[in-house]
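Q: using only what follows, build the 3D model:
(2 chains)
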Amino acid sequence: MRHAQDNFDKHPGTRCLVIVPVFNESGSIRKVICQLRRALPEFDVLVVDDGSTDDTVRQVPPGVPIVSLPFNLGIGGAMQTGYRYAALHGYDVAVQVDGDGQHRPSEVRRLIDHLLSGESDLVVGSRFLEQVRYKQTIVRSIGSLLLRGIIRVLVGMDLTDCTSGFRAANRRVILAFAHWYPEDYPEPEVILLLHRAGYRISELAVRMRHRRSGRSSIGILGGVFYVLKVTVCLLLDLVRDPWPSGKVMWHDHPETVSGDLWYAPAPAGGPKAPHLPT
Amino acid sequence: MLIGLPFVGLAFWPAAVGLMATQLHIQYNTLSLICVSVFLFLVVFELLTIVSMQDQKINALAQLVAILMEKQKLAEPEHRPAEVVESSNDSKQPSVSWNPASQATHP
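A: Next up, the predicted model:
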């Protein structure tokens, strides 16, 4: 078995960002960040606070950048913020790690190593790829199976865990996500859209914990509604093209904000696009 | 509501359909009703499209503001909250180092 560090050593200077989106995760965020810093000292960690109403931000250890959104945008908005941050700061790899403690920091390195092998642009950590002891409720299991079947029918790709938020993206995908990212429940939509746009997606078996604290954003009725809504979104995504080739551009100088990203370029003589300080 | 209100009006004044058809030079009354309904539907659809586009712009602005605020905090360490800034009795400068790149923790 190849050591998880092999591909990472072959790409020295690879800048990796661990994006931790949080919403009212005061009970677990400190431990998650400490574990990340202990397991991945050479990686940068970014906490994206999605309008938490408790003291989640205060629980974050000092020295960790925190991007606090002025109001709740949902997991899609929070993650896009993280990807935009990664794109602006020139990161090569971005990994999403949930702030509820479900994702093991020790598995992050395996994800990145698999990504750096060059076989895929997005690596999804799957709870169900191998014989793992991850138990779900019946509703979530059924929903997960349904979504897996729908994606297989629509794009011919069989992902065992299309709702996993534990994923690593290379720079191509970072730029694509910074340009556009689904808002509400982005995990399955992103799989379909990336595949249709020609990006390569692969899965890696990982171990996950059950959430330590906080509440899941998907309850029983919410689970049924989730499946229905995602199904409709996936059908609409068949005609959507958020990342047309040649349109997603990011300048070689990520410290400047290009009009291609968020709005049309200013007309001649008009106000200039804002420049982020270097 | 925009589509429903005219129909509420028609419920109290059914003859308005014929009057509208006459004004629009349409021979069949029901056809005029369909034309007006389609027009109202297009208006609502246009408004929803505008709302959706504005929502995307608002989200993008919120994300940009949040990133800029984080950059502002890094660029101006003297404006950080007092509880994480320590100063010695003799020096005027804060003695705590602030280096986000190394993720240094504060004593």
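
Q: for chain B, what spans make up the strands?
A: Per DSSP state E, chain B carries no strands over any range.

Q: wondering if the longest helix anywhere in it reaches chain A at all.
A: The residue-count maximum for a helix in chain B (DSSP state H) belongs to helix B:29-75. Yes - applying CB under 8 Å from any CB of the partner chain, one finds helix B:29-75 touching chain A at B:57, B:59-71, B:74-75. Every C-beta, even on glycine, is put in place using the N, C-alpha and C of the backbone.

Q: sketch out the low-pLDDT regions of chain B for me.
A: B:2-3, B:75-107 (pLDDT under 70).

Q: then chain A?
A: Within chain A, the ranges that satisfy pLDDT under 70 run A:1-9, A:131-136, A:211-219, A:245-278.

Q: report the central residue of it.
A: A:Gln96 (4.3 Å; CA atoms, centre = their mean).

Q: residue contacts, that residue?
A: A:19, A:21, A:79, A:82, A:165-168 (CB atoms under 8 Å, 6 or more residues apart in numbering or on different chains).

Q: buried ones among those?
A: In the contacts of A:Gln96, burial by neighbour count holds for A:19, A:21, A:79, A:82, A:165-168, counting by 16 or more other CB atoms under 10 Å in any protein chain shown.

Q: which one of those residues is nearest B:Val44?
A: Nearest to B:Val44 among these: A:Met79, at 31.5 Å, using CB to CB.

Q: what residues does the stretch 101-250 of chain A put near chain B?
A: Taking CB under 8 Å from any CB as the criterion, the stretch 101-250 of chain A approaches chain B at residues A:Glu183.

Q: residue in the stretch 101-250 of chain A with the shortest distance to chain B?
A: Nearest to chain B in the stretch 101-250 of chain A, going by CB to the nearest CB, is A:Glu183, at a distance of 7.4 Å.

Q: so which strand or helix has the closest residue to that residue other than its chain neighbours?
A: Spatially, and ignoring its direct neighbours in sequence, A:Glu183 is nearest to A:Gly76 (4.0 Å; CB to CB, 6 or more residues apart in numbering or on different chains). Take DSSP states H and E as the rule and A:Gly76 turns out to sit in helix A:74-88.

Q: send me that helix as CSV with only the CA atoms.
A: Only the C-alpha atoms of helix A:74-88 are listed here, as CSV (Å, rounded to 0.1, in the frame of the first residue of the first chain):
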residue,chain,number,x,y,z
GLY,A,74,-26.3,28.3,3.7
ILE,A,75,-23.7,25.6,3.2
GLY,A,76,-23.3,26.5,-0.5
GLY,A,77,-22.7,30.2,0.2
ALA,A,78,-20.3,29.4,3.0
MET,A,79,-18.3,27.0,0.9
GLN,A,80,-18.2,29.3,-2.1
THR,A,81,-16.7,31.9,0.3
GLY,A,82,-14.0,29.5,1.2
TYR,A,83,-13.3,28.6,-2.4
ARG,A,84,-13.2,32.3,-3.3
TYR,A,85,-10.7,32.8,-0.5
ALA,A,86,-8.7,29.9,-1.8
ALA,A,87,-8.7,31.3,-5.3
LEU,A,88,-7.8,34.8,-4.2
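
Q: could you check the angle that helix makes with helix B:29-75?
A: Helix A:74-88 runs at 50 degrees relative to helix B:29-75, counting by axes from the mean of the first three to the mean of the last three CA atoms, to 10 degrees.

Q: quick one: strands adjacent to the helix or strand just after helix A:74-88?
A: Next helix or strand after helix A:74-88 toward the C-terminus (DSSP H and E): strand A:93-96. Sheet pairing of strand A:93-96 (DSSP bridges) gives strand A:16-22 (parallel), strand A:167-170 (antiparallel).

Q: return the distance of B:Phe39 relative to A:Val20.
A: 49 Å (CB to CB, to the nearest Å).

Q: wait, A:Ala176
A: From A:Ala176 to A:Val20 the distance is 21 Å (CB to CB).

Q: related to what we said a few turns ago, the strands paired with strand A:93-96 into CSV, with extra columns for distance to A:Leu36?
A: Listed next are the strands paired with strand A:93-96 as CSV, based on distance: least, CB to CB, whole Å:
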stretch, distance to A:Leu36
strand A:16-22, 6
strand A:167-170, 14
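
Q: out of the ones you listed, flag the one nearest A:Ser117.
A: strand A:167-170 (10.8 Å).

Q: what residues does that closest one touch?
A: Contact partners of strand A:167-170, identified using CB under 8 Å, 6+ apart, comprise A:83, A:92-96, A:108, A:111-112, A:114-115, A:121-125, A:177.

Q: show me which of these are buried.
A: Going by neighbour count (16+ other CB under 10 Å), the contacts of strand A:167-170 have A:83, A:92-96, A:108, A:111-112, A:114-115, A:121-125, A:177 buried.

Q: could I have the CA atoms of the helix or strand hosting A:Val230 written out in CSV?
A: Here A:Val230 sits within helix A:220-237, counting by DSSP H and E. Taking Å, rounded to 0.1, in the frame of the first residue of the first chain, the C-alpha atoms of helix A:220-237 are listed here in CSV:
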residue,chain,number,x,y,z
ILE,A,220,-37.0,13.5,9.0
LEU,A,221,-39.4,15.7,7.0
GLY,A,222,-36.5,17.7,5.9
GLY,A,223,-34.9,14.5,4.5
VAL,A,224,-37.9,13.8,2.3
PHE,A,225,-38.1,17.3,1.2
TYR,A,226,-34.3,17.2,0.6
VAL,A,227,-34.6,14.3,-1.8
LEU,A,228,-37.4,15.8,-3.7
LYS,A,229,-35.8,19.2,-4.0
VAL,A,230,-32.4,17.7,-5.0
THR,A,231,-34.1,15.6,-7.6
VAL,A,232,-35.7,18.6,-9.1
CYS,A,233,-32.4,20.5,-9.0
LEU,A,234,-30.6,17.6,-10.6
LEU,A,235,-33.1,17.6,-13.4
LEU,A,236,-32.7,21.3,-13.9
ASP,A,237,-29.0,20.9,-13.8
